[in-house]
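A.B. asks: Here is the input, now give the coordinates:
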Amino acid sequence: MEYVNARILLPDTLVEELQRYIQGGYIYIPAIQEQRKCWGELSGYRKELQQRNRRITDEYQKGTSIDDLADEYCLSVHTIRKIVYQK
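C.D. replies: Below you'll find the predicted structure:
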C-alpha cells in the first residue's frame, strides 16, 4: 500500500474537514465493494496456485500416488486429497 499526502490528492476543504477528526495520522479508505479484488488477484498468486493444483491433478490422474505428490509439492496428504478430489 502506498501513502499519499492528502493535500496533493484532495481539495483543501475536504482536508480541513478530515483534520477535524484526525491530524498527522493514517486513515484507510476501503475500496468500493464492486471494485474489490479477490485474494491473490493483484499479486498473481491465485493463478499460480490454480496452475499448481492443475499439475497435481494431472499427475494424480496419470497414476502418481497421493503420498508421492505430497512429498514432491511439500504439502500434506490431506491437502493433496482436497486438491485431487475437488469437483
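
A.B. asks: could you point out the longest helix in the chain?
C.D. replies: helix 45-61 (DSSP state H).

A.B. asks: Run a quick neighbour tally on the closest residue to Thr64 other than its chain neighbours.
C.D. replies: Distance criterion CB to CB, 6 or more residues apart in numbering; nearest residue to Thr64, sequence neighbours excluded, is Glu72 at 7.9 Å. Heads up, the C-betas are built off the backbone N, CA and C, glycines and all. Number of residues near Glu72 (other CB atoms under 10 Å) recorded here: 13.

A.B. asks: For Glu72, which three-state class applies?
C.D. replies: Taking DSSP: H, G, I helix; E, B strand; the rest coil as the rule, one finds Glu72 in the helix state.

A.B. asks: thinking again about what came up before, which of the residues in the longest helix of the chain are buried?
C.D. replies: Using 16 or more other CB atoms under 10 Å as the test for burial, helix 45-61 gives Asn53, Ile56, Thr57, Glu59, Tyr60.

A.B. asks: Contacts only, for the second one.
C.D. replies: If I follow you right, that is Ile56. Leu69, Tyr73, Ile80, Ile83, Val84 (CB atoms under 8 Å, 6 or more residues apart in numbering).

A.B. asks: What confidence value was assigned to Pro11?
C.D. replies: On pLDDT, Pro11 comes in at 94.
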